[in-house]
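1. kindly generate the corresponding structure for this input.
(one chain, ligands or ions: 1)
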Amino acid sequence: MSSSSAGDADFERLLEYIEDSLRFQTSSYNDAYLDRRISARMRRRRVDEYDEYQNLLRTEDDEQAALLDALSVNVTSFFRNPKVWDALRDVLRDLSSRGSRHDPIKVWSAACSDGREAYSLAMLAHDDDHVDERRIEIVGTDIKREILRAARNGEYRASETNDIAEQLDPIGRWDRYVDRDGDIFRVKDKITDMVRFSRRDLIREDPPGTFDLVVCRNLFIYINAESKRAVFETLGSALKPNGYLTIGMTETIPPRVRTQFDPVEKRLRIYRASDAAAQR
Ligand SMILES: C[S@@+](CC[C@H](N)C(=O)[O-])C[C@H]1O[C@@H](n2cnc3c(N)ncnc32)[C@H](O)[C@@H]1O
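-> Numbering: from 1, shown residues only. Coordinates of the predicted model:
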């Protein structure tokens with residue numbers, strides 16, 4: 001299925017149906033990603049053809065829900081890719097050395113999923129003696145309302161595939177920031193109080209302000225080239241002069257907007273707004 005989907009009329013019709021009737025914006029995502037997810041559902045339902053699967057979707061509400069669930073990837077963790085977090089510690093220190101000690105340092109976790117990325121930033125600020133956490137203001141945004149409810153809740157359950165204690169390891173004595181009750185991990189108020197969450201579509205909407213650090217990781221792997229350019233424009237316009245941007249470890253900046261970002265730690269995908277960006 002995967003190799004023949006692009007240009008396949010039935011596949012295109014199925015994507016149109018999903019966009020119009022199920023209200024999932026397939027046109028923003030890349031075909032290979034959509035095909036992988038749809039094909040996984042089709043295998044599960046033992047259906048071989050896209051048109052057959054579309055008929056199934058028309059008649060079964062449960063399958064619609066299962067597909068929508070499969071299409072929205074919210075995978076995240078605390079301190080995802082720990083090496084990046086070592087480098088982000090240096091970024092927070094650099095930002096703390098700028099301006100007056102009363103100036104807020106504004107941080108945006110864009111496409112934050114269930115909030116673990118935003119809370120990791122807050123814990124990092126608390127953990128570092130060179131960073132005054134009272135200056136740090138974090139905004140977390142995502143397109144999905146339910147995931148933002150989970151983020152505001154700040155409660156996470158460990159499971160076989162989700163070892164929360166292991167995820168928290170990079171910050172050392174994490175019991176200073178998170179309470180544990182069996183399998184349930186509850187982020188303490190002093191951390192949750194540092195973060196505000198709101199809904200935002202990064203492809204279609206403006207940024208929620210201007211920021212010293214923007215963290216936008218593991219969204220670009222799913223979206224198509226046009227949407228990617230739109231998101232980079234949004235992120236670029238959200239950066240203060242000399243502000244930092246971090247993207248996912250396997251993601252790249254499109255050539256057309258590359259001059260706006262100077263690499264700081266190229267391998268870890270940490271960049272700073274370039275002078276060219278400031279002159280725009
Ligand atoms: C794989 S998660 C990444 C979470 C976190 N940044 C990380 O790296 O662990 C991708 C997130 O992007 C969100 N998302 C997808 N399309 C979006 C859009 N157009 N605008 C904002 N968020 C979007 C999804 O809801 C999901 O929570």
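
2. what's the longest strand anywhere in the chain packed up against?
-> Ranked by residue count, the top strand of the chain under DSSP state E comes out as strand 239-247. With contacts taken as 3 or more C-beta pairs under 8 Å, 6 or more residues apart in numbering; DSSP states H and E, strand 239-247 sits against helix 82-97, strand 211-216, strand 270-273. Heads up, the C-betas are built off the backbone N, CA and C, glycines and all.

3. what does the longest one rub up against?
-> I take that to be helix 82-97. By C-beta atoms under 8 Å, 6 or more residues apart in numbering, the surrounding residues in contact with helix 82-97 are 79, 105, 120-121, 124-125, 128, 130-132, 135-136, 170, 212-213, 215, 244, 246, 249, 264-265, 268-270.

4. same thing with the last one?
-> Contact partners of strand 270-273, identified using C-beta under 8 Å, 6+ apart, comprise 84, 87-88, 91, 236, 239-247, 253, 260-264.

5. now do the contacts for I38.
-> Counted by C-beta under 8 Å, 6+ apart, I38 has contacts 14, 50, 53, 67, 70-71.

6. run the last query once more with 7 Å
-> Going by C-beta atoms under 7 Å, 6 or more residues apart in numbering, I38 touches L14.

7. could you measure from it over to the ligand?
-> 17 Å (C-beta to the nearest ligand atom, to the nearest Å).

8. show me the strands in the stretch 51-200 of the chain, by range?
-> Secondary structure of the stretch 51-200 of the chain (DSSP state E, counting those that start in this stretch): strands at 105-110, 136-142, 155-157, 178-181, 184-187, 195-199.

9. in TSV: the ones you listed, plus mean neighbour count, mean pLDDT and distance to Y33.
-> Formatted as TSV, those follow (neighbours: other C-beta atoms under 10 Å; pLDDT from 0 to 100; distance: least, C-beta to C-beta, whole Å):
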stretch	mean neighbour count	mean pLDDT	distance to Y33
strand 105-110	26	98	19
strand 136-142	24	98	18
strand 155-157	16	96	26
strand 178-181	14	98	32
strand 184-187	18	98	30
strand 195-199	16	98	22
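
10. between these, which one is nearest to R41?
-> Set against R41 and scored by C-beta to C-beta, the strands of the stretch 51-200 of the chain come closest in strand 136-142, at 22.9 Å.
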